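Participant: got a structure for you, letters missing:
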């Protein structure tokens, strides 16, 4: 049986390798665009390639978590690609050696940056799950997918002020909850 | 609790902001290879099942298709899955080999010598021409223009063909070879002997010696012959379409050209190019397989064209003729004798200058269903 537009999601979820080939053939140009947009400032082709590998591997390993049709699938893998690319960008920036003049700038990181940089993000996900659905969307758009407040406001149809407000309250809530977690131990 | 992938599933991201950046076959192939390696590490438990399945396929194939010798089999070598398509991409507009992979048999025979591994990947015999694809893994750089002699078809009386090797990177190359045999004893299957003694690097004219020897048998793909024998003639040039054979991935046209005495005294060479369209407006690209004849003017040729549209009922063939004259700049010929001596042949004087072209009246072929 051959893989085509109507059956590839099902075949992917059944872990058929031809479905993986199919999504590489179909979606590589799109995924490339997403990663290049985020990662090209790093000027590091190796990172881009590694990131693309990682994106497809994540799609493969997590295909069971997807539900929806082919339009949703396209959105889903775009989101994964963007999230992974930003992740790689942050990691690469972190590893970059800064001249001592810039050290101070680098040292100041906000609480949410610290949280996102956790190697094991299970705890963070656990925290985000505690938020209301609306706040959860805002947090994911803002911190995982790198959208700014205005973009989120047009997407979700609420005012920028309301978003900032929700983020403020959400952060506070996360902060409270995070201190209760044993960071680095409970995630496994 | 939802994990990040489920959360992203619920997030409505705007995917129209992204355009597409073109990705070439090589990139895709590399990515697929890396992915498969990562996956297979994970699935090591299931692996034995696959191995047995692969082994049984090879055994079945070996009984049905190939009979003679078995060099080592390589499974994880492929850099590029469909070499037919990959190499025809370098030729813009040519989709002649798009359907070849589907109908070809996997050979996967590897021979290693002098640090160079040659693997025959796929081969196909359309009843006329043997096409095979191969990959080369080399420790040393073979340059951008390397050459290997073509395989020979056992039982044929002479052959013609073309081949091409394309560089993937300094250590990997892919190649394709088309060989057409003449006066073949059997049409249903062919025995191929490919005895490679050297690889010629054209930039440096260096020959890399080694010994790579392949033997295998190929069955012809099913094909439908149709006798035609239609001629068209004008200005002293006559073209006859003798027959055509249709295979699932291509069709082959055999045609003869005859040139009158009047044209011979004026021109050094007469070229015939067949332009083929069907009644649905499709136009077919093709590749000449070479030909035989009594002299340069009266020749029998064959040419392979891409897959025929199954809906079409007629083919319209327009032979385009080019008359050419040779000058010392564009032509030189040498006569070689059996003991290796060669003698330059002077260009005979003829009255035609430069080149002239015209089209012969169309030949319409009604396709038998």
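Facilitator: Done, it's in. Just so it is clear, the structure is predicted and the values come from calculations on it, not from any experiment.
Participant: Give me the pLDDT for the residue of chain A found nearest chain B.
Facilitator: Of all residues in chain A, residue A:29 sits closest to chain B, at 3.6 Å by CB to the nearest CB. All C-beta spots, glycine's among them, are computed from the backbone N, C-alpha and C. Turning to residue A:29, the model gives it a pLDDT of 91.
Participant: isn't there a strand covering it?
Facilitator: No: for residue A:29, which was evaluated using DSSP: H, G, I helix; E, B strand; the rest coil, the result is helix, with no strand membership.
Participant: Hmm, it is touching residue B:22, no?
Facilitator: Yes: counting by CB atoms under 8 Å, residue A:29 touches residue B:22, with 5.9 Å between them.
Participant: Could you pull out the helices in chain A for me?
Facilitator: Assigned by DSSP state H, the helices in chain A fall at A:8-13, A:17-39, A:45-61, A:70-95, A:103-107, A:111-116, A:122-129, A:133-139, A:149-156, A:160-180.
Participant: Of those helices, give the one that comes closest to residue B:181.
Facilitator: helix A:17-39 (35.5 Å; CB to CB).
Participant: in that closest one, what's buried?
Facilitator: A:17, A:19-24, A:26-39 (16 or more other CB atoms under 10 Å in any protein chain shown).
Participant: What about residue B:198, how many residues nearby?
Facilitator: 16 (other CB atoms under 10 Å in any protein chain shown).
Participant: Which strand or helix spans the nearest residue to it once chain neighbours are set aside?
Facilitator: Among residues not flanking residue B:198 along the chain, residue B:207 sits closest, at 4.3 Å (CB to CB, 6 or more residues apart in numbering or on different chains). Taking DSSP states H and E as the criterion, residue B:207 maps to strand B:206-219.
Participant: can you check residue B:312 too?
Facilitator: Using DSSP H and E, no helix or strand contains residue B:312.
Participant: tell me the contacts of the spatially most central residue of chain A?
Facilitator: Centroid-nearest residue in chain A, with CA atoms, centre = their mean: residue A:83, separated by 2.2 Å. Contacts for residue A:83 were tallied using CB atoms under 8 Å, 6 or more residues apart in numbering or on different chains; they are A:144, A:145, B:4, B:8.
Participant: didn't the second one look like it was pressed against residue B:14?
Facilitator: Spelled out, that is residue A:145. No: between residue A:145 and residue B:14 there is no contact under CB under 8 Å: 10.1 Å.
Participant: Who are the contact partners of the closest residue to residue B:165 other than its chain neighbours?
Facilitator: Leaving aside its sequence neighbours, residue B:165 sits nearest to residue B:175 (CB to CB, 6+ apart; 4.0 Å). Shown in contact with residue B:175 (CB under 8 Å, 6+ apart): B:83, B:87, B:133, B:134, B:135, B:136, B:148, B:163, B:164, B:165, B:166.
Participant: give the contact list for the residue in chain B that chain A sits nearest to.
Facilitator: With CB to the nearest CB as the measure, residue B:20 is the residue of chain B nearest to chain A, at 3.6 Å. By CB under 8 Å, 6+ apart, the contact list for residue B:20 reads A:29, A:30, A:32, A:33.
Participant: If anything else comes up later, I'll come back, but that's it for now.
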